[in-house]
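[1] Test case, fold it:
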Amino acid sequence: MTDEPVNSPGDGPSYEQARAELASVVERLEAGGTSLEESLALWERGERLAEICQGWLDGARQRIDTVRQARESTPG
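    Numbering: from 1, shown residues only. The predicted structure follows:
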């Protein structure tokens with residue numbers, strides 16, 4: 001996997017998939033009982049999933065801003 005944010009459907013999991021997996025990772029970390037190595041791997045995966053979710057949210061915000069700007073610049 002790359003470190004670049006994902007913000008289009010063809011690049012990785014959907015926002016909903018990433019969010020659900022992130023929730024699962026958080027639950028596993030909160031439950032404890034994992035080795036240090038496994039905990040670190042879960043943490044790293046959680047960080048990556050959070051980046052993916054943020055990429056989707058940033059992309060959605062850009063789309064909304066683009067539509068708003070187009071609407072404001074259109075007479076009528």
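[2] which non-adjacent residue is nearest Arg28?
    Leu42 (5.8 Å; Cβ to Cβ, 6 or more residues apart in numbering). In short, each C-beta sits where N, CA and C put it, glycine included.
[3] Give me the pLDDT value at that neighbour.
    Confidence at Leu42, expressed as pLDDT, is 98.
[4] how many other residues sit next to it?
    16 (other Cβ atoms under 10 Å).
[5] Buried residues, the helix or strand encompassing it. List them.
    Using DSSP states H and E, Leu42 falls within helix 36-73. Within helix 36-73, the residues that count as buried by 16 or more other Cβ atoms under 10 Å are Leu42, Arg45, Gly46, Arg48, Leu49, Ile52, Cys53, Gly55, Trp56.
[6] In TSV: those, plus distance to Arg68.
    Formatted as TSV, the buried residues of helix 36-73 follow (distance: Cβ to Cβ, whole Å):
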residue	distance to Arg68
Leu42	39
Arg45	35
Gly46	33
Arg48	31
Leu49	29
Ile52	25
Cys53	23
Gly55	20
Trp56	19
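[7] Would you enumerate the residues in contact with the residue nearest in space to the middle of the chain?
    Among the residues of the chain, the one closest to the centroid is Cys53, at 1.2 Å (Cα atoms, centre = their mean). Contact partners of Cys53, counting by Cβ atoms under 8 Å, 6 or more residues apart in numbering, are Tyr15, Ala18, Arg19, Leu22.
[8] how close does it get to Ile64?
    Look at Cys53 and Ile64: by Cβ to Cβ, to the nearest Å, they are 17 Å apart.
[9] before we move on, what about Tyr15?
    14 Å.
[10] Leu42 now?
    For Leu42 relative to Ile64 (Cβ to Cβ), the value is 33 Å.
[11] before we move on, what about Thr74?
    From Thr74 to Ile64 the distance is 16 Å (Cβ to Cβ).
[12] Repeat that for Val25.
    28 Å.
[13] Same question for Ala18.
    Taken as Cβ to Cβ, the span from Ala18 to Ile64 is 20 Å.
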